[in-house]
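*Asks:* with the input below, show me the fold.
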Amino acid sequence: MLYTDRHEAGRALGAALGAYAGRSDVVVLALPRGGAPVALEVAEALGAPLDVFLVRKLGFPGNEEYAMGAIASGGVRVLNEPMLARYGVPEAVVEAVVRSEQRELTRRERSYRGDLPPLDVRGKTVIVVDDGLATGLSMRAAVTALQSLGPRRIVVAVPVGPADTVDELRRLADEVVCPATPEPFLAVGRFYDVFDQTTDGEVMDALARARRAEPAGAGGRNP
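*Replies:* Residues are numbered from 1 along each chain as shown. A predicted model of the protein is given here:
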């Protein structure tokens, strides 16, 4: 095991991101749900405001753990086109999965943030945090969506991931910080002692804790 739990992983990641500490132009975005406890530790280490950025995996019909793509806030979708072609997945099936996951994405966004607007990322350095990478589809969807919002710099930050996925993301994001790229890489959870499913309540608690520590006006929010 590399990490005891997500909080320990977040503290290690925060140390690796030390160059961004104390900067007023930095915001941290968590990919819920598993990325929230990691991102909380990163935000506290850097003294940066924290928010969530919603991404939903598009599960392969009959094997939902196998990602055929992902969607993100802002209507962005990233599809694994070679896999869809290989298995002959009809477009109607893909669209049905997209509609279902879009409903869940919208529900979570309302649940996590309520009436509070998202952080304004225009002109900012945005650090996007998850608990690890596997295929990287969710993170690719997040980065693609964020690029349309005008940040100055996008930094992908994860505690662990396969080297080839990290290399792919380096071609999309401005920077990728990943302290561990073990081989063979079988699954993110294999590198944690405790890897229980993160709940909606834990995500909301992380956001509330970060907001209590946030200086007035830090980060700024969209109107």
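
*Asks:* helices or strands next to the helix ranked longest in the chain in the packing?
*Replies:* Determined from DSSP state H, the single longest helix within the chain is helix 91-113. Under the contact definition 3 or more C-beta pairs under 8 Å, 6 or more residues apart in numbering; DSSP states H and E, helix 91-113 sits against strand 50-52, strand 55-60, strand 63-72, helix 200-213. C-beta: built from backbone N, CA, C; applies to glycine.

*Asks:* which strands border the first one, and is each parallel or antiparallel?
*Replies:* This means strand 50-52. Sheet pairing of strand 50-52 (DSSP bridges) gives strand 26-30 (parallel).

*Asks:* now do the strand it pairs with, average pLDDT.
*Replies:* The predicted model assigns strand 26-30 a mean pLDDT of 97.

*Asks:* against Glu65, how distant is the residue of the chain positioned farthest from its centre?
*Replies:* The C-alpha centroid of the chain is most remote from Gly88, which lies 29.0 Å away (C-alpha atoms, centre = their mean). Distance of Gly88 to Glu65, computed by C-beta to C-beta, to the nearest Å: 20 Å.

*Asks:* now do His7
*Replies:* Here His7 is placed at a distance of 25 Å from Glu65 (C-beta to C-beta).

*Asks:* same check on Gly161?
*Replies:* Distance from Gly161 to Glu65, by C-beta to C-beta: 17 Å.

*Asks:* next, the buried residues of the longest helix of the chain.
*Replies:* Val94, Val97, Val98, Glu101, Leu105, Arg108, Glu109, Tyr112, Arg113 (16 or more other C-beta atoms under 10 Å).

*Asks:* and Ala85, how many neighbours?
*Replies:* Using other C-beta atoms under 10 Å, Ala85 has 9 neighbouring residues.
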